[in-house]
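Engineer: Just a sequence and a predicted model for now, questions to come.
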Amino acid sequence: MKSLGSIRRDFAPWNDPSAKPYIQFDKVTKKFGDFTAVNNLSLTIFEREFFALLGASGCGKSTLLRMLAGFEEPTAGRILLDGQDLRGIPPYKRPVNMMFQSYALFPHMTVEKNIAFGLKQEGMPAPDIEKRVAEMLRLVKLEQFAKRKPHQLSGGQRQRVALARSVAKRPKVLLLDEPLGALDKKLREETQFELMDLQQELGLTFVVVTHDQEEAMTMADRIAIMDKGEVMQVATPAEIYEAPTSRFVAHFVGNVNMFEGKVAERAANTTRITGATGAQIVVENAADTAKGADIVFAIRPEKIKVSSRKPADAVNALEGEVYDVAYLGDMTVYHIKLDDGQMVRASALNAARVSEDPLTWNDRAWVSFRPDAGVVLTR
Amino acid sequence: MTNIAAAACSSAETAAQLPTRLAKGFVDRLVIIIPYLWLLFFFLVPFIIVFKISLSQTAISMPPYTPVLDFGDGISGLFAGFRELNFDNYTWLTQDALYFNAYVTSLIIAGISTVLTLIVGYPIAYGMARAPATIRPTLLMLVILPFWTSFLIRVYAWIGILKPEGLLNQVLLATGLISQPLVILNTYTAIFIGIVYSYLPFMVLPLYSSLEKMDYSLIEAAQDLGCPPIGAFWKITFPLSLPGVIAGCLLVFIPAVGEFVIPDLLGGSQTLMIGKTLWNEFFANRDWPVSSAVAVILLLVLTVPIMFFQQAQAKAQEQGK
C-alpha cells in the first residue's frame, strides 16, 4: 500500500470533512508597529492533535502561540477555540496553558507550590490540590524533589516541573514554546517520546512551537511550516518530507537535490524534463504542469542510488565523478559532480559491513533514481 | 636526555614564577586590606574617640571634657586617666525621660516615614522597570537629578511650599479646595513630607534594580495559570522584589532615625527627635560627653537589630540553597 499518512493510523481528522475544528485561526494578522509578524494566516487544529509550528526564528510562530495564550491580541482576524471567539478574553480566563521556553518557574516557591499555583487560582479544595500535585509529580517522576526550589534542580528537572505545572489544570490545549530547546541532545530525544506519551495519556491537544525539524517530525501529527508570518505547508511529517509543495519547504526540512528545468514532453503517466544543464529526467508525478513550464525537480539524497557502472534497468541515470565522500557509520554520503556541472548529494545506508564496490574520490560514478522518487515543484 | 632537559626547564620555570606568584598574592591581599584600612581609620578610630568621650566628664576647658588622655604623661599617667572614666553619662540618659522619648519618637517617625517612602517609591520603581528600555536611563537620571542640588536648599524650598502663605496653600485657596490655609509647616506632617521627599531616591534605586532584573515571563506564567494581574503582583512580583524592599527600607530608615536638618527646619521647635537632642547637647549645652553617649546608644539601637536581621536573612538563604 502506498501512503503518506500519519504515524497514528486511526487518527487523521484533517482528512475527515465532517470533523469539527478545535482551534481555528481565521485570517489572523498581527503587526508590531511596521513589522508584520503574522500575515493573514488561517489554520485549523483538531482536538487531541499534536500540532507543531515549525520555522526559523522570527517567522511568527511564537507570536501565533502567544495570541492563542492571550498575551497578544490579533491586529485583524479571529481565533476560535472550540467554537468560541477568544478576542478580549484575558490570558487568566482562557482554558489554555502554556509551557514557557524559559520555563518561568517561580523561583521563590518549591516545586510543589509551583505545580499547585494554577490549582489554587481555580479555588480547588486543598485536599484535591494535594492529590493532583502528587499525581503530577509521579507523572514527571519528581516525587522526591517536591520540597526543592527551582534553582536546586537540573535543567531537565526544571523542564519537567514546568510541564507538570502547565498540565496540572488539565487545560483544553497545552501550548509549548520550544519545550526542549534548553536540553542537551540526548535528554531532548528521551523527552520527545515522553511528551508524546503524556499527550496520549492525558488526551490533550498540544500545540508546540519549535525551530528543530527533527523534534517536529518526531512528535507531531501534523506540522505547519512557517515563513515570514505565513504558513507554507500544513501536512503530516511524511507528507512534508516526501511531498513538499514548495522549494522553501523542501529546503527547510531535510536535505534535498534540486534540478532546475523545463517540462519537455508530457505523456499519460510520465513527464520528461530537460534540466537547465542538459540532463534528461523522466518523472511520474508532475500532473498539473504544462509543456514548457519552468519547474524544479526535488529529490532527497537517500532516494538516489550511486554505482560505479551504469545500472541496466534505470530510467534516470546520470554520469559524473565522486567529489566528496563522508562516512557517517550508519550511512555514507556522496557528493557527485555530474558531467554537466550539477552537484548531487546521495546517501547510501551501510546495510552490509563490507562493501563490494567501494567508491572513492575522483572515481567515475552513476547516479540513478526511479521516476517516482522525487517531486516536481512549480513554486 | 630530552626528559632531563624538560625537567630542568620546568623547574627553572617554577623558580621564575615563584616571586611573581608571591607578588600576586601580596597584591590580592592589598586589595582586601585597603577597604579594611579605610574602615579602621574612618569608622573604628572615630568611634573609639567618641566612645572615650562618652565615658569622660564635662568640664569648662578646651576640649570641654576631662580627662584628656595625654601620651606625654607616660604609662602611669595614661592608667590614671583611664581610671577616671566611668558610665555616669549613660546612667544619666536613663534618668531623664527626655532621651528615652526622643529615641522612641525618632524610631516611630523614621518607621512611618519609611513606610510612606515605600508606598510612594514602589510605583515609581515599578513604572521605571516596566518602561521601554530606551527611556529607562533617562528616568534613572531624573531620580538622581535632585542630588545635584544641595540637600539643605531643597529642604528650605519645602518651607516656601508648605508655609501658611506658601505655594501649596496659595494654589489650594485659588482653586477653592480650601477656605483656610492649611497648617503644615512645623508639624510632624511636614517632617514626613521632608523625609519622604529627601530619601525617595534611596528607596527607588534598590527597588528599581530588583524589579528590573525580574523575568517578565513569570508574570505571564502566573496569568496563564489563572491569576489576574493584581494577584500576580502580590504573589510573584512583590515577594521577588523583597530584597530591594528591605535594602530600600534600611537605606531610608537608618539615616531618618538620626535626621537633624529636616525636623529642625520643617518640624519647628517642639519636635523631639534624637538627632536634634544630640545637636542641642553638643552645641547649646556644650556637653560633649552626654552627646557622645547619646550617639553611642543611637548606634547600638540601629546596628544591633540590623545585625540580627542580616544574620537571620543569611541563614534563610543558606537553607534555601
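Structural biologist: Alright, I've got the coordinates.

Engineer: Who are the contact partners of residue A:45?
Structural biologist: Residues near residue A:45 by C-beta atoms under 8 Å, 6 or more residues apart in numbering or on different chains: A:21, A:22, A:23, A:24, A:51, A:205, A:207. Every C-beta, even on glycine, is put in place using the N, C-alpha and C of the backbone.

Engineer: beta partners of it?
Structural biologist: residue A:23 (DSSP bridges).

Engineer: Give me the below-cutoff pLDDT ranges for chain A.
Structural biologist: A:1-9, A:277, A:285-287 (pLDDT under 70).

Engineer: Try it again at 80.
Structural biologist: Within chain A, the set of residues satisfying pLDDT under 80 comprises A:1-10, A:266-270, A:275-279, A:285-292, A:354-357, A:379.

Engineer: Which residue would you name as the spatial centre of it?
Structural biologist: residue A:216 (3.3 Å; C-alpha atoms, centre = their mean).

Engineer: for the helix or strand hosting it, which positions count as buried?
Structural biologist: Using DSSP states H and E, residue A:216 sits in helix A:213-219. Across helix A:213-219, burial judged by 16 or more other C-beta atoms under 10 Å in any protein chain shown covers A:213, A:215, A:216, A:217, A:218, A:219.

Engineer: hmm, back to that, list just the nearest of the contacts of residue A:45 to chain B.
Structural biologist: residue A:207 (13.6 Å; C-beta to the nearest C-beta).

Engineer: wait, what's in contact with the residue nearest to the centre of chain A?
Structural biologist: A:52, A:54, A:208, A:210, A:223, A:237.

Engineer: which bits of chain A sit near chain B?
Structural biologist: Within chain A, the positions adjacent to chain B are A:69-71, A:90-93, A:96-98, A:100, A:102, A:104-108, A:117-118, A:121-122, A:149, A:151-152, A:165-166, A:169 by C-beta under 8 Å from any C-beta of the partner chain.

Engineer: Please spell out the PyMOL selection for the buried subset of those.
Structural biologist: The buried residues among the residues of chain A next to chain B can be selected in PyMOL (16+ other C-beta under 10 Å) with this line:
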select buried, chain A and resi 69+70+71+91+92+96+97+98+100+104+105+106+107+108+117+118+121+149+165+166+169
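
Engineer: Output stretch A:349-364 as CSV, nothing but the C-alphas.
Structural biologist: Only the C-alpha atoms of stretch A:349-364 are listed here, as CSV (Å, rounded to 0.1, in the frame of the first residue of the first chain):
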residue,chain,number,x,y,z
LEU,A,349,22.7,3.1,4.0
ASN,A,350,25.6,0.9,5.1
ALA,A,351,23.4,-2.2,5.4
ALA,A,352,26.4,-4.5,4.9
ARG,A,353,29.6,-4.3,6.9
VAL,A,354,31.8,-4.8,3.8
SER,A,355,31.2,-3.1,0.6
GLU,A,356,31.9,-5.0,-2.7
ASP,A,357,32.2,-1.9,-4.8
PRO,A,358,33.6,0.9,-2.7
LEU,A,359,33.6,4.3,-4.4
THR,A,360,36.2,6.9,-3.6
TRP,A,361,37.4,10.4,-4.6
ASN,A,362,37.6,11.1,-8.3
ASP,A,363,36.0,7.7,-9.3
ARG,A,364,33.6,7.8,-12.2
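
Engineer: Domain-wise, how is the chain divided?
Structural biologist: By default, I'm working from chain A. If you go by automatic domain parsing, the domain ranges for chain A are A:13-95+A:171-251, A:255-377.

Engineer: Oops, wrong one, chain B.
Structural biologist: Looking at automatic domain parsing, the domains of chain B come to B:1-44, B:97-320.

Engineer: hey, least reliable of the ones you listed by pLDDT?
Structural biologist: Per-stretch mean pLDDT for those is lowest at domain B:1-44 (a mean of 68).

Engineer: Save the contacts of residue A:45 as a markdown table, and put in neighbour count too.
Structural biologist: Converted to a markdown table, the contacts of residue A:45 look like this (neighbours: other C-beta atoms under 10 Å in any protein chain shown):
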| residue | neighbour count |
| --- | --- |
| A:21 | 19 |
| A:22 | 20 |
| A:23 | 22 |
| A:24 | 19 |
| A:51 | 25 |
| A:205 | 23 |
| A:207 | 26 |
